[in-house]
Structure formats: C-alpha cells, structure tokens
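Novice: pasting the sequence and the predicted model now:
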Amino acid sequence: MEIFLIIFAVLTVASALIAVATTKKAVSILAAGVMGLFASIVFIFLAAPDVAMTEAAIGSGLTTFIFFFALNRVKSDRAQGGADD
Amino acid sequence: MIKKALAVLLLAQLCTILFSFLSVYQEPTSLNAVSSHYIHNEPKELGAANAVTAVVVTYRGLDTLGEVTILFAASVVVGLLMFLHKNESAPRRDGSELLKTGASLLFPLILLFGAYVFINGHLSPGGGFQGGAIIASALMLTILANPNRHVGHGFFWAIESISGFVFVLLGIAGLVLAGGFLDSRVLPPGTFGHVASAGLIPVIYIFVGLKVGAELSSVVLSLHGKSEGGVQHHD
Amino acid sequence: MTSTIAMTTGILLVLIGLFAILTQKDLIRIIVGFSIFDIGVHVIMISIGYISDATAPIIENLSQLGQSYVDPVPQALVLTAIVIGLGISAFMLTFAVFMFKKRGSLDINSFRDLKW
Amino acid sequence: MEMTGAILLLLASIVFLVSALGLVRMPDVYNRIQTSTKATTLGTILAMAAVAFLHPDWTPKLALVVLFILLTNPISSHVVARAAYFKRVKLSDRTVEDQLKDKLEG
C-alpha cells in the first residue's frame, strides 16, 4: 500500500517541479492543475475523501480555468497593443 | 543572480527546520479529546453519518460563515475590478455544433449531480463546497461552448444574497430554538443514515452550496469577461 | 510511516512553492507558486490528523462506533481553506490583470513605484 | 462472480495498456487522440462492469458513470482535436485527406 503512496507523492512533487521549471506559462498552469489531481489522490491515501473531492473539483478544476481566463485576458490585450503600435 | 542564491540559502534553512520537526514527529495512536468527542457523541447528538460535515456545519459553523464571507468579499472585489476595466477583446471563435449540443445536454445533468452532492453531504463524502464547485463548472461548460454569449450577473447575485440571508436566519433559529448559533437540533434527528435526517444539517448545507456555487460562478464570469460591462455582442 | 511520507511531500511542495514565489519574475508564475504552496500546507495539515489503520470519519452504522477513525477537525479546516485559496487566487489574478492594464507588463522588475 | 470481475478487470487493464502504447506509437496529435479516447472509453466501461460484478449493490451508480463517460468522452476528444486543428498543429505526412480544410476553403 505504501509503495502506491510513494509513487503518487513522487508524481506530485515532480509535477510541481515542472510547474516551476518550465519556460511556458501555459505548461506551468497545466502542471499545477495536474499536481492538484495527484495531491487529491494523496488525500485519499490519508483517509480524507471529502478533501480529495474538494481538491479535485476546486484545486485542479476551477483554479486551472481561472488562471487560463486571466492569461487569456493578458494575451488578448498584448495582441491588441501590438496591432496599435 | 545573488537574489536567487539568497533565496536558495533561505529555503535551505527552512528545509532544515522543517525536516528536524519531521524527524521528531510521532504519529498519534488515538484521537485527542475534542475530536474523540466529535466522533463518538456526534451520531447520537446530531445524527449525521459524515463527521466532517457535522464539524463544518454545526460544531465549527462560525468558521463556515466567515469562510463564505471571505469568498463573498473576494468575488465582489473581482467583479468590481473587472467592471472598472472593460474588456474589449475581439469576438472569439464559436464552439462547434457538437460541443454546443453536448453542453446544453450536459448542463442540467451536471446541475443535478451538484445538487445530489450537496443534498447527500451528511451521508457520504461531499457537501456544499464540492456541490457549489460542480455547479460553477457546469456554468463554465456553457460559457466555453458559447464564448460570445452575454450572461448577466444579476441572477447569481440574487441567489447569493438570498441563500446567504437564509443561512444566517437558520443560524439564528438555532440560537433561539436550540443550544446555540447554527445548532442543527431545531428539527428532530430522524433515522440515522436516511436523507431526511440529521436535523437542520442538510438544509444548511443546501444553502451553503447555493451560496458557494453562485459566488464561484460570478468569479468565473467576471474573469471570463463577457459579462455586464463588457462589449455587448448580438448573436 | 504513511503520515511521514505525506508530510515529506507537503514540505517539499511548500519549499518548491516558496522558491517560485521568491525567484520568479512573472506575476502569473508567482501566483502558480502560491497555489503550489497552498496545496503543500493542505497536505501537511491532513497528514497531522492521520492515524495508522484508521478509516475515514464516515460512520456507516451506529454499532461501529468503537472502530478508530482519523481526525475530522483538520479535514474540515482544509475543506474551507481550499475554497478560500480559490478566492484568493482569483483575487490575485484580478490584480495581476489590473496591473497589466495599467503598466502593460507582468514583469515585477518593471513596477518601480515603491523603489527609490 | 468474483472470477468474472477479476477477468474483466484484467481485460480493462490490457485495453488501457494498448491505449498507452498507441499514445507512444502514433505519429501525430489526431491519431493519438483516436487511440487514447476510444481505448479509454472501452477500458473504463470494462472496469466499471468488473466493479459491478464485485459489488453488485453499486450497479445503478456505475451505470450512471458509464452513461456520463459515454456522453463526455467523445465531446472532449472532439474539442481537443478541434482546438489543435485551429492552433495549426501539423498533420502527419501520411495523412491522405483533410476534409475540414476543404470545407473551410471551399
């Protein structure tokens, strides 16, 4: 049983590292979302199904989308500014 | 570069401190007094099968009230700042026919699932926060399928205010009719393990779910930008 | 053992998140670092409440009460903390977009108002 | 009963393995979406059937899960493929027909 927990813990830390180390912002946001999913599996191993559900729905679902909406606003403005110059 | 080196040094120190705490940490073998009281007396006192729900709604109900207040403040500020800066982005590419049909087919099903999650919060894992997040994600599916459609905020603000008001009223009802603020023993506990049991807990959690769902939906709508204040697109 | 592994994961996530907050230049990446930090703290809090061979705090029938359960209080706290984390992330992202509209950049080195 | 469930679970994992193999072997995004979506749909249905054999009283919920996956999985793969197409991800060299391009141009 513990070997599975170790596998998911390593995957969580690895996706967090990818989120910090990558140069593309979109990849960083996606890796943070994937890290939320793996962390919710870690919560299941810690006998916390409530927290796992919340983390999967909010931490990896809604947060990723909110980040992408913000990124989209920044990007569309940058494209417009470039056209005006 | 020197900034990065300083950061690494600081984090190394923090790492040493945290791991030295970890090396002396011993896993407890039994629950402490408070948690043991919650677990062992809660089924007879309140009748909720899910102890986490009982803690969130009744024993630590004031925490939940403060939490939804913070979320309300956050969603108000997000809406305000996004209203001050009207987004004038070009109309986005419409979703395909398959996505639109699928979204309109799935929208009521996801809403139903969210309602199921928060109505069954006192029996199984789940509850108001999860159900609210699921409702907000149903809304997100429709705005991703129709990115140029105008969705008003007013409906969500109405639901948010009404459910917040009812939440506080239920808390005061607990204060008047039972032991304290947000006490759920206003209604009889009922049969253990049935949907209509645990006194007021399912009712309170339904309103928490509606409130959280409306707040998260309005945050998503504000950040998406095609809401009130943005450019009006006629379909 | 299980709680030690989980706590190590949480501490590593906290360190990675703090590293990102301290060293990144871009506002959105700093907020990503914040959300990593957030999840790390949640993992640590949940693993403090864990007890070996205990089940989740969901009581199936009243005759099972003698069984050992994990601590429900940290789980309830983390439940609210996750939702607050989403609110705070949305708030910070809104400020990032606001700053971008004012200054035309997300790089923190281009905000010089408080420097002299 | 348990034997049937175990065999179904084994079949499901074989299907998942094939899907993962296809993810590595296929030449471009669109073919990868094909293998991953089709095989995971079948694999999830098999796994749910296996669980239904192991825990017969969960069957209605599992049927709902299968229905939900049958509804959402094709839509999501379609959306991913469409987004990749409009982001101009290149098709493989061996592609013979691009009907969407013909439709958009003609």
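Specialist: Yep, it's here. Fair warning: this is a prediction, and the values are worked out from it, not measured in the lab.
Novice: make it CA atoms for all contacts and neighbour counts henceforth
Specialist: OK.
Novice: quick one: name the residues of chain B near chain A.
Specialist: Residues of chain B that fall close to chain A, judged by CA under 8 Å from any CA of the partner chain: B:52, B:87, B:89, B:125-126, B:129-130, B:133-134, B:137, B:220, B:223-224.
Novice: of the residues you listed, just say which sits nearest to C:V97.
Specialist: B:L223 (9.4 Å; CA to CA).
Novice: and the closest one, how many neighbours?
Specialist: Applying other CA atoms under 10 Å in any protein chain shown, we find 30 other residues in the vicinity of B:L223.
Novice: quick check, the helix-or-strand element of chain D with minimal mean pLDDT touching chain B?
Specialist: Least confident helix or strand of chain D, by mean pLDDT, DSSP states H and E, is helix D:99-105 with a mean of 73. No - contact of helix D:99-105 with chain B is not found when judged by CA under 8 Å from any CA; the minimum separation is 12.3 Å.
Novice: with stretch A:34-50 instead?
Specialist: Yes - applying CA under 8 Å from any CA, one finds stretch A:34-50 touching chain B at A:P49, A:D50.
Novice: got a list of contacts for that stretch?
Specialist: A:5, A:8-9, A:11-13, A:15-16, A:51-53, A:55-56, A:59-60, B:52, B:125-126, C:2-3, C:6, C:39, C:43, C:46-47, C:50, C:54-56, C:70, C:75, C:79 (CA atoms under 8 Å, 6 or more residues apart in numbering or on different chains).
Novice: one step back: dump the least confident helix or strand of chain D to PDB, restricted to CA.
Specialist: Extracted in PDB, the C-alpha atoms of helix D:99-105 (Å, rounded to 0.1, in the frame of the first residue of the first chain):
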ATOM      1  CA  GLN D  99     -12.000  17.300 -45.100                       C
ATOM      2  CA  LEU D 100     -12.200  20.200 -42.600                       C
ATOM      3  CA  LYS D 101      -9.600  22.100 -44.700                       C
ATOM      4  CA  ASP D 102     -11.600  21.500 -47.900                       C
ATOM      5  CA  LYS D 103     -14.800  22.700 -46.100                       C
ATOM      6  CA  LEU D 104     -13.200  25.800 -44.700                       C
ATOM      7  CA  GLU D 105     -11.700  26.800 -48.000                       C
END
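Novice: sort out which residues of that helix are buried, please.
Specialist: Across helix D:99-105, burial judged by 16 or more other CA atoms under 10 Å in any protein chain shown covers no residue at all.
Novice: go on, stretch B:55-64?
Specialist: Residues of stretch B:55-64 classed as buried by neighbour count (16+ other CA under 10 Å): B:V55, B:V56, B:V57, B:T58, B:Y59, B:R60, B:G61, B:D63, B:T64.
Novice: other SSEs contacting the lowest-mean-pLDDT helix or strand in chain B?
Specialist: For chain B, using mean pLDDT, DSSP H and E, the weakest element among its helices and strands is helix B:33-45, scoring a mean of 78. Using 3 or more CA pairs under 8 Å, 6 or more residues apart in numbering or on different chains; DSSP states H and E, the elements in contact with helix B:33-45 are helix B:51-54, helix C:72-103.
Novice: which of these sits most buried?
Specialist: Compared across those, helix B:51-54 shows the largest average neighbour count, a mean of 30 (mean count of other CA atoms under 10 Å in any protein chain shown).
Novice: show residues contacting the helix or strand following it.
Specialist: Of the helices and strands lying after helix B:51-54 in sequence (DSSP states H and E), the nearest is helix B:61-84. Residues outside helix B:61-84 that contact it (CA under 8 Å, 6+ apart) are B:55-57, B:181-182, B:208, B:211-212, B:215-216, B:218-219, B:222-223, B:225, B:228-230, C:80, C:83-84, C:87-88, C:90-91, C:94-95, C:98.
Novice: ok and helix B:61-84 relative to helix C:72-103, angle-wise?
Specialist: 10 degrees (axes from the mean of the first three to the mean of the last three CA atoms, to 10 degrees).
Novice: how far out from the middle of the chain is stretch B:185-195?
Specialist: Chain-centre distance of stretch B:185-195: 24 Å, with CA atoms, centre = their mean, to the nearest Å.
Novice: and the gap between whichever residue of chain B sits closest to chain C and A:A16?
Specialist: Closest to chain C within chain B is B:N50: 4.4 Å, counting by CA to the nearest CA. Between B:N50 and A:A16 the computed distance is 32 Å (CA to CA, to the nearest Å).
Novice: so who does the residue in chain D that chain B sits nearest to touch?
Specialist: Residue nearest to chain B within chain D: D:I75 (6.2 Å; CA to the nearest CA). For D:I75, the contacting residues are B:L98, B:L99, B:G102, by CA under 8 Å, 6+ apart.
Novice: quick check: the closest residue in space to the last one that isn't next to it in sequence vs D:R82, distance?
Specialist: The shortest distance from B:G102 to any residue other than its chain neighbours is 6.9 Å, reached at D:I75 (CA to CA, 6 or more residues apart in numbering or on different chains). Between D:I75 and D:R82 the distance, using CA to CA, works out to 10 Å.
Novice: interface residues of chain A facing chain C?
Specialist: Checking chain A against chain C by CA under 8 Å from any CA, the hits are A:2, A:5-6, A:9-10, A:12-13, A:16-17, A:19-20, A:25, A:28-29, A:32, A:36, A:39, A:42-43, A:46-51, A:54-55, A:58-59, A:62-63, A:66-67, A:70-71, A:73-74, A:78.
Novice: can you say which of those are buried?
Specialist: Going by neighbour count (16+ other CA under 10 Å), those have A:5-6, A:9, A:12-13, A:16-17, A:19-20, A:25, A:28-29, A:32, A:36, A:39, A:42-43, A:46-51, A:54-55, A:58-59, A:62-63, A:66-67, A:70-71, A:73-74 buried.
Novice: okay, and which of those map to helices?
Specialist: Members of those lying in helices (criterion: DSSP state H): A:5-6, A:9, A:12-13, A:16-17, A:19-20, A:25, A:28-29, A:32, A:36, A:39, A:42-43, A:49-51, A:54, A:63, A:66-67, A:70-71, A:73-74.
Novice: give me the buried positions along the helix or strand hosting D:A63.
Specialist: Using DSSP H and E, D:A63 sits within helix D:59-86. Buried positions in helix D:59-86, judged by neighbour count with 16+ other CA under 10 Å: D:59, D:62, D:66, D:69, D:72, D:74-75, D:77-79, D:81-82, D:85.
Novice: looking at those, which one is closest to chain C?
Specialist: Nearest to chain C among the buried residues of helix D:59-86, with distances taken as CA to the nearest CA, is D:T59, at 19.3 Å.
Novice: who touches residue 59 in this structure?
Specialist: I'll assume chain A. Applying CA under 8 Å, 6+ apart, the residues near A:G59 are A:G33, A:G36, A:L37, C:I82, C:L86.
Novice: try again with chain D
Specialist: D:A52.
Novice: measure it to B:S124 for me?
Specialist: 17 Å.
Novice: kindly report the same for B:V8.
Specialist: Look at B:V8 and B:S124: by CA to CA, they are 44 Å apart.
Novice: ok, those two, which is more surrounded?
Specialist: Using other CA under 10 Å as the criterion, B:V8 and B:S124 rank with B:S124 on top: 22 against 17.
Novice: what's the closest non-adjacent residue to that one?
Specialist: What sits nearest to B:S124 in space, not counting adjacent residues and going by CA to CA, 6+ apart, is B:N50, at 6.1 Å.
Novice: center of chain A - which residue?
Specialist: Nearest residue to the geometric centre of chain A (CA atoms, centre = their mean): A:G33, 1.7 Å.
Novice: wait, that one sits on A:T64?
Specialist: Yes - between A:G33 and A:T64 there is a contact at 5.7 Å, judged by CA atoms under 8 Å.
Novice: thank you kindly, that will do.
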